[in-house]
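Participant: Just the structure for this:
(chains A, B and C)
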Amino acid sequence: MITYALIFAFACYGFGLLATLWRLLTGPTAADRILALDTMVINFIALLILYGVWRGTAIYFEASMLIAMVGFVSTVAFCRFILRGDIIE
Amino acid sequence: MLKRIFPHPLLSVTLTIVWLMLVNKVTLGNLALGVVLGIVIPIMTAPYWPNRPAVRAPLMAAEYALIVLWDIVVANMVVAGIVLFKRNADIHSQWVVVPLELTSPEAITVLAGTITMTPGTVSATLSADGGALLVHCLHTDDPDGIRDDIKTRYERRLKEIFR
Amino acid sequence: MDQDMTLLAELLVSAFLIVGGIFGFVGSFGLLKLKHTMQRLHAPTKATTLGVGGALIGSMLYFLMIESSVSFHELLITLFLFITAPITANFVAKTFMQGDVVERELPDTGRAFGWAVYDDPPSEKTEED
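Facilitator: Here you go, the predicted structure:
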């Protein structure tokens, strides 16, 4: 039963990745692209965790935690760069 | 003396617990390392929070956290319903201005974060003097109701917590 | 008895995984469907947090009840995403407003100063991020 639930969740997040990719490519504003990138990172974290459950190993949590942190910092850096033209003032 | 070693006891406890959760194994060595981090980091970062307001009512804060958690779950259902079942032409988005009575930056930050996480609202920006909050509402026909809701549900509680 | 417990655990884990999947889907679908950037901001910031939260709680229950090993990393990831989601949303909103919204389109602040994106704060006070 868990296998079917996992496949369903994989399909949902897989679609999510495609949707964010479409938004990333079409824009239209810079803010949209940043938002799409951020959502993409979150979807990817979810996929990694689901893959960890699929394989029955806890090793993917460390990877997803690092991706969560890097994703947050890069989103903020992106926004700051567009807002101020500089990341660290 | 105790105040010098633990300038921010709550932060020290939180850091120790987070460290233990990060290494995912509770041993004496890890606990010792966590305690060292919990003492060193608050002392090193003390210059960054000069006039930190004290949390006056811990029980109120716990109640607030529970209310916000519940609202997040409800908010998700509401937004999911709007996104899935409403046609784009039927979604009436509006800007709402919320005048603030809170003054400390910490309280305003918590309020803005709460607004972003709860039903159909995202806090966009603050007025330059910090006296009003601009909120974007995904779908509403009653902006004044949303404003009053935010003021009575969240701001009133925060005012008592960060007095 | 043991069989029943396993079945219950499987049911619970599957339910959380499916809820997580649905909300993750809604978050990304909203990004695709909604017409205005500020509207699009709503879908991912809310739905995705609960989506990932559902997946994480599902996986935590899975490791707790079926593999019987305790792991706190999921809790940390959930906490981290919940704390950072409003900050990200605020930054994206500001970025959008600076580039694509004119101050005339916004309602008045009702104060002596304009919105922080367009107006400088009064002297001696730093801007709230």
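Participant: Low-confidence ranges, chain B, go.
Facilitator: With pLDDT under 70 as the threshold, chain B has low-confidence stretches at B:1-6, B:51-56, B:119, B:163.
Participant: tell me what the longest helix along it is packed against?
Facilitator: Among the segments of chain B that qualify as a helix by DSSP state H, the longest is helix B:58-85. Packing partners of helix B:58-85 (3 or more Cβ pairs under 8 Å, 6 or more residues apart in numbering or on different chains; DSSP states H and E): helix B:105-117, helix B:156-161, helix C:2-33, helix C:37-43, helix C:49-65. For every residue, glycine as well, the C-beta is placed using N, CA and C.
Participant: I'd like these as CSV, with distance to chain A and mean neighbour count appended.
Facilitator: Compiled in CSV, the helices and strands packed on helix B:58-85 are given as follows (distance: least, Cβ to the nearest Cβ, whole Å; neighbours: other Cβ atoms under 10 Å in any protein chain shown):
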stretch, distance to chain A, mean neighbour count
helix B:105-117, 13, 21
helix B:156-161, 25, 16
helix C:2-33, 3, 20
helix C:37-43, 6, 24
helix C:49-65, 5, 24
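Participant: Would you convert these into JSON lines that also reports distance to B:Leu59?
Facilitator: Conversion of those to JSON lines gives the following (distance: least, Cβ to Cβ, whole Å):
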{"stretch": "helix B:105-117", "distance to B:Leu59": "16"}
{"stretch": "helix B:156-161", "distance to B:Leu59": "10"}
{"stretch": "helix C:2-33", "distance to B:Leu59": "30"}
{"stretch": "helix C:37-43", "distance to B:Leu59": "32"}
{"stretch": "helix C:49-65", "distance to B:Leu59": "25"}
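Participant: Out of those, flag the one nearest A:Ala30.
Facilitator: When the helices and strands packed on helix B:58-85 are ranked by proximity to A:Ala30, the top entry is helix C:37-43, at 9.9 Å, counting by Cβ to Cβ.
Participant: What helices and strands are in contact with that closest one?
Facilitator: In terms of contact count using 3+ Cβ pairs under 8 Å, 6+ apart, helix C:37-43 is assigned the packing partners helix A:30-55, helix B:58-85, strand B:121-126, strand B:132-137, helix C:2-33, helix C:73-100.
Participant: Could I get these in a markdown table, plus columns for distance to B:Pro50?
Facilitator: Formatted as a markdown table, the helices and strands packed on helix C:37-43 follow (distance: least, Cβ to Cβ, whole Å):
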| stretch | distance to B:Pro50 |
| --- | --- |
| helix A:30-55 | 32 |
| helix B:58-85 | 22 |
| strand B:121-126 | 20 |
| strand B:132-137 | 24 |
| helix C:2-33 | 38 |
| helix C:73-100 | 22 |
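Participant: In this structure B:Ala80 contacts C:Val26, no?
Facilitator: Yes. The pair B:Ala80 and C:Val26 qualifies as a contact (Cβ atoms under 8 Å) at a distance of 4.4 Å.
Participant: measure C:Ser71 to chain B for me?
Facilitator: 6 Å (Cβ to the nearest Cβ, to the nearest Å).
Participant: follow-up on the earlier one: return the set of buried residues in the longest helix of chain B.
Facilitator: B:60-61, B:64, B:68, B:71-72, B:75-76, B:78-80, B:82-83 (16 or more other Cβ atoms under 10 Å in any protein chain shown).
Participant: The helix or strand that comes right after that helix pairs with which strands, parallel or anti?
Facilitator: For helix B:58-85, the succeeding helix or strand toward the C-terminus, using DSSP states H and E, is strand B:94-99. Strand pairing for strand B:94-99, determined by DSSP bridges: strand B:132-137 (antiparallel).
Participant: Pull out the buried residues from the partner strand.
Facilitator: Neighbour counts over strand B:132-137 (16+ other Cβ under 10 Å) mark B:Ala132, B:Leu133, B:Leu134, B:Val135, B:His136, B:Cys137 as buried.
Participant: next one: stretch B:86-106 to chain centre, how far?
Facilitator: Relative to the centre of its chain, stretch B:86-106 is centred 16 Å away, using Cα atoms, centre = their mean, to the nearest Å.
Participant: Dump that stretch to PDB, restricted to CA.
Facilitator: As requested, the backbone C-alpha atoms of stretch B:86-106 are provided in PDB (Å, rounded to 0.1, in the frame of the first residue of the first chain):
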ATOM      1  CA  LYS B  86     -12.200  28.800  -9.000                       C
ATOM      2  CA  ARG B  87     -11.900  30.200 -12.500                       C
ATOM      3  CA  ASN B  88      -9.300  32.900 -12.800                       C
ATOM      4  CA  ALA B  89     -11.900  35.500 -13.600                       C
ATOM      5  CA  ASP B  90     -13.700  34.700 -10.300                       C
ATOM      6  CA  ILE B  91     -10.700  35.300  -8.100                       C
ATOM      7  CA  HIS B  92     -10.800  38.800  -6.600                       C
ATOM      8  CA  SER B  93      -7.400  39.800  -5.300                       C
ATOM      9  CA  GLN B  94      -7.000  42.900  -3.300                       C
ATOM     10  CA  TRP B  95      -4.500  44.900  -1.300                       C
ATOM     11  CA  VAL B  96      -5.300  45.400   2.300                       C
ATOM     12  CA  VAL B  97      -3.600  48.000   4.600                       C
ATOM     13  CA  VAL B  98      -3.300  46.900   8.200                       C
ATOM     14  CA  PRO B  99      -2.400  49.800  10.600                       C
ATOM     15  CA  LEU B 100      -0.100  48.500  13.300                       C
ATOM     16  CA  GLU B 101      -0.200  49.100  17.000                       C
ATOM     17  CA  LEU B 102       2.900  46.900  17.600                       C
ATOM     18  CA  THR B 103       6.200  48.900  17.700                       C
ATOM     19  CA  SER B 104       9.000  46.400  18.400                       C
ATOM     20  CA  PRO B 105      10.600  45.000  15.200                       C
ATOM     21  CA  GLU B 106      10.500  41.500  16.600                       C
END
